[in-house]
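In: need coordinates for the following:
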Amino acid sequence: MKITDFFTQYGDEQSCKKFFKEKRENGGICCKQCGSVNLNWIEQENRWRCKECRHAMGLKHGTVMENSNLGYKVWLWGLYLMSLTKKGFSALEMQRLVGHKRYEPIWLMMQKIRISMGNRDDKYSLDGFIEMDEAFFEGHRKKEGEGPAKELDRQVKAIVAVSTIRIEDTEQKEHRPNTKAGFVKMNVVSSLSNVDVKYEAQKMVQKSATVITDGRRCYRGLRDICSKHEEEVVKDKKQVSKVFPWVHTAISNAKKKILGLHHQVNDAYMQNYLSEFCYKFNRRYFGESLFDRLVIAALDMPWYKSKPNYG
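Out: Now for the predicted structure:
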């Protein structure tokens, strides 16, 4: 949908509420108490009531909007704008675009949407030939205790995996890799120990996958969770881009986006920003349908039924 058509069609609270109601009903809705599909919509209360057990369920219940005081228009505009560009918006710019008075509710809304993106990608794991490497992202945290507030630089460690697809010789371009990137996953880890890396990696790749890594010892546990683990020690830095062309590109692009758009990110929320990058990268060919897919992800489950990256 073109941006002019969107804001014309959903320019008021009533039309946005109707949009969410229709989306939920089209996706199938049932009573959370007894499972019945016989529900009545009560317009004045913005909720359904079960005909069988009389249990009431609000329009925001069970979605990313649950427990939020923001209006339907702010939520719908936020979802649309976050799907509009691959780079996204800062919370301050989003606040200005949706016309809200306070910064904190908009920042929280965007964090919840990012969590929904991560929840959606967590349903899938990578298969085939996979490049895997560690990454260090620049995080910040305010100094605790007495005295003036101070930002402390912290290195946030993450495991990055990119599935690759081999290119036919007829399609390959000169001086380009003989593979193309498929899907990407980025999971924050507390440390680069064997235990932590193995725990996160088994959520990222399937057992039938072939994973290639450098010679770092923290990846030794991969042999237990995938069919084949290849170690490629590259001493010449000029050759790294040939052995690991896509995982390093993904890491570089994620760092540029976070630094250029948000300038600095609290380390406690880094996973949310990485989830947003991966979600958009994995759907880079969706075009205008990306908004519809994001709405489905947002209405799929409440934000708090996920790993605690909200803080």
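In: got the contact list for the closest residue to Glu231 other than its chain neighbours?
Out: If the residues on either side of it in the chain are set aside, Glu231 comes closest to Gly215, at 5.2 Å by CB to CB, 6 or more residues apart in numbering. All C-beta spots, glycine's among them, are computed from the backbone N, C-alpha and C. Gly215 sits next to Glu231, Glu232, Val233 when contact means CB atoms under 8 Å, 6 or more residues apart in numbering.
In: for Thr164, same thing?
Out: Thr164 sits next to Gly128, Phe129, Ile130, Glu131, Thr179, Lys180, Ala181, Gly182, Trp246 when contact means CB under 8 Å, 6+ apart.
In: wait, the second one sits on Ser208?
Out: Going back to what we said before, that points to Phe129. No: contact criterion CB atoms under 8 Å: Phe129 and Ser208 do not qualify, at 11.0 Å.
In: quick one, which of those two is more surrounded?
Out: Higher neighbour count among Phe129 and Ser208: Phe129, with 18 against 10, using other CB atoms under 10 Å.
In: how close does that one get to Gln206?
Out: 12 Å (CB to CB, to the nearest Å).
In: for Asp300, same thing?
Out: The value you get for Asp300 to Gln206, if CB to CB is used, is 22 Å.
In: where do the helices sit along this protein?
Out: All helices of the chain, identified by DSSP state H, fall at 3-9, 13-27, 72-82, 91-98, 103-121, 194-204, 240-243, 245-257, 270-282, 289-300.
In: of these, which shows the lowest average pLDDT?
Out: Here the lowest mean pLDDT among those goes to helix 240-243, at a mean of 77.
In: contact partners of that helix?
Out: Residues contacting helix 240-243 (CB under 8 Å, 6+ apart): Pro177, Ile212, Glu232, Val234, His248.
In: can you check stretch 217-228 too?
Out: By CB under 8 Å, 6+ apart, stretch 217-228 touches 132, 134, 192-198, 201-202, 205-211, 213, 229, 231.
In: again, only using 10 Å
Out: For stretch 217-228, contacts defined as CB atoms under 10 Å, 6 or more residues apart in numbering pick out 126-127, 129-130, 132-134, 159, 189, 191-199, 201-213, 229-231.
In: with just CA atoms, put that stretch into CSV.
Out: Only the C-alpha atoms of stretch 217-228 are listed here, as CSV (Å, rounded to 0.1, in the frame of the first residue of the first chain):
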residue,chain,number,x,y,z
ARG,A,217,37.5,-23.2,20.6
CYS,A,218,34.0,-22.0,21.6
TYR,A,219,32.6,-23.6,18.5
ARG,A,220,33.8,-27.1,19.4
GLY,A,221,30.4,-28.0,20.8
LEU,A,222,28.7,-27.6,17.3
ARG,A,223,29.6,-31.1,16.3
ASP,A,224,27.0,-32.3,18.8
ILE,A,225,24.1,-30.2,17.4
CYS,A,226,24.6,-30.3,13.6
SER,A,227,25.4,-33.0,11.1
LYS,A,228,28.8,-31.5,10.0
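In: would you indicate which residues of it are buried?
Out: Residues of stretch 217-228 classed as buried by neighbour count (16 or more other CB atoms under 10 Å): Cys218, Tyr219, Gly221, Leu222, Ile225, Cys226.
In: around Phe183, how many other residues sit close by?
Out: That count, for Phe183 with other CB under 10 Å as the rule, works out to 20.
In: is it true that it touches Asp127?
Out: Yes: with contact defined as CB atoms under 10 Å, Phe183 reaches Asp127; the gap is 9.4 Å.
In: joint contacts of the two?
Out: Common contacts of Phe183 and Asp127 (CB under 10 Å, 6+ apart): Ser163.
In: filter the contacts of stretch 217-228 down to just the buried residues.
Out: By 16+ other CB under 10 Å, the contacts of stretch 217-228 give 126-127, 129-130, 132-134, 159, 189, 192, 196-199, 201-202, 204-206, 209, 211-213, 229 as buried.
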